[in-house]
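K.L.:
Following is a predicted model, sequence given first.
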Amino acid sequence: MTELNLPILDLSRLDAGAEAAAQFRDELRAATHDVGFFYLTGTGVSPALEARLHRAARGFFALPEADKLAIENVNSPHFRGYTRIGGERTQGKVDWREQIDIGPEREAVTEPDAPDFARLIGPNLWPEAQPELRDVVTEWHDHLSGVARKLLRAWALSLGAAENYFDEHFGEPSTLIKIVRYPGKEDPTPQQGVGAHKDSGVLTLLWVEPGKGGLQVERDGQWVDAPPVPGAFVVNIGELLEHATQGYLIATKHRVISPKYPDDRISVPFFFNPALDKRLPLIELPDELAAQARGVTQDPSNPIHALYGENALKSRLRAHPDVAGIHHADLVAARAAASEPSAREAVASGSSA
């Protein structure tokens with residue numbers, strides 16, 4: 001481990017010969033078995049592209065409020081578009097940030113017998129006042145999709161699976177880009193920029209504005225800082241990769257503490273996940289790795305679903321109760337009714353949450 005609390009891995013080593021590639025895969029496996037987080041350099045993302053994305057993000061949040069609210073996510077049943085400050089929840093508590101959510105550009109699914117998670121499929125909401133945002137986000141998405149595929153092939157080999165294991169089971173990837181601004185808070189006590197959580201999918205690549213801290217990772221019951229490293233992404237795995245390896249790899253809780261006013265912070269997480277209708281089957285680990293698998297984390301308040309669409313829908317309904325209430329009241333009611341028997345059983349047995 002480094003003084004930065006997280007390991008630093010160089011993706012370019014995969015192209016530096018067999019010995020260097022094997023060493024990278026060993027380091028990748030160790031980092032995500034021990035911590036679930038690491039810094040990644042050597043991704044081929046140019047400083048020019050980073051600067052364009054940063055300018056576009058700053059440009060969007062500097063728009064007049066009316067232009068941002070024109071694409072507010074309450075207008076999207078697919079949870080796309082702009083979320084105003086305080087419009088998102090983690091563990092039921094308000095997150096102090098504003099953001100725009102951008103997913104795969106698709107037509108909405110209208111078949112009446114479509115699964116519930118198909119409601120996540122649909123078009124994005126783009127700001128008319130900033131047409132250049134779509135171009136830079138598209139370029140960012142395409143490059144990071146390539147980085148994510150390269151990482152997943154390395155993971156597969158490091159876990160004793162075929163190199164194309166994840167390619168076979170991913171289908172058309174479900175991606176999500178969030179462009180986030182954390183405004184400063186005047187209260188000197190720590191404030192919830194985004195609350196403690198695990199990501200619901202497979203892989204996250206996070207770009208953080210240079211020089212801006214706030215991200216913290218849980219290690220051994222303590223919160224440790226994960227400050228930005230120039231030219232590096234912060235990478236973490238999600239619940240589905242923990243599920244696929246039966247806890248050999250670990251999805252780790254993390255959070256963001258709001259900056260102090262007048263400072264603020266831009267970050268751009270990129271989530272790379274399977275198609276909504278795909279399941280990640282369990283990886284048959286080599287014996288020496290299987291012996292170190294800890295089992296999947298059991299949290300009755302946060303069940304992990306093998307089918308990615310169910311995991312994704314669970315997270316979106318919780319995070320955006322306003323969108324859920326407007327567009328998906330039937331799903332909210334059905335899930336509340338389904339949880340009532342479990343709650344009654346817990347009370348009858350004397351258990352408490």
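P.N.:
Everything's here; your move. Numbers count the residues shown, from 1 in each chain.
K.L.:
contacts and neighbour counts: CA atoms only from here.
P.N.:
OK.
K.L.:
buried stuff in the longest helix that the chain contains?
P.N.:
Scanning the chain for the helix with the most residues, using DSSP state H, yields helix 132-158. For helix 132-158, burial by neighbour count (16 or more other Cα atoms under 10 Å) applies to 133-134, 136-137, 140-141, 144-145, 147-149, 151-158.
K.L.:
As a check, name the ranges of all helices in the stretch 51-200 of the chain.
P.N.:
For the stretch 51-200 of the chain, the helices defined by DSSP state H, counting those that start in this stretch cover 65-69, 132-158, 165-170.
K.L.:
helices or strands up against the longest one?
P.N.:
Read that as helix 132-158. helix 18-34, helix 47-61, helix 165-170, strand 203-208, strand 265-273 (3 or more Cα pairs under 8 Å, 6 or more residues apart in numbering; DSSP states H and E).
K.L.:
repeat that for 7 Å
P.N.:
Using 3 or more Cα pairs under 7 Å, 6 or more residues apart in numbering; DSSP states H and E as the contact test, the elements touching helix 132-158 are helix 18-34, helix 47-61, helix 165-170.
K.L.:
and Gly86, which of these is closest to it?
P.N.:
helix 47-61 (14.9 Å; Cα to Cα).
K.L.:
end to end, how far does stretch 109-122 reach?
P.N.:
This stretch, stretch 109-122, spans 7 Å end to end (Cα to Cα, to the nearest Å).
K.L.:
lowest-pLDDT helix or strand in this structure?
P.N.:
helix 329-348 (a mean of 66; mean pLDDT, DSSP states H and E).
K.L.:
what about the residue lying closest to Arg219 once chain neighbours are set aside, neighbour count?
P.N.:
In space, and not counting its chain neighbours, Arg219 is closest to Val35: 7.2 Å by Cα to Cα, 6 or more residues apart in numbering. Other residues lying near Val35 total 22 when counted by other Cα atoms under 10 Å.
K.L.:
returning to that earlier point: and the helices of the stretch 51-200 of the chain as CSV, adding mean pLDDT?
P.N.:
Formatted as CSV, these follow (pLDDT from 0 to 100):
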stretch, mean pLDDT
helix 65-69, 97
helix 132-158, 97
helix 165-170, 89
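K.L.:
Adding distance to Ser258, write those helices out as JSON lines.
P.N.:
Shown next, in JSON lines, are the helices of the stretch 51-200 of the chain (distance: least, Cα to Cα, whole Å):
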{"stretch": "helix 65-69", "distance to Ser258": "21"}
{"stretch": "helix 132-158", "distance to Ser258": "25"}
{"stretch": "helix 165-170", "distance to Ser258": "35"}
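K.L.:
nearest to Thr41, of these?
P.N.:
Closest among those, once you apply Cα to Cα, is helix 132-158, at 10.8 Å.
K.L.:
Good, wrapping up.
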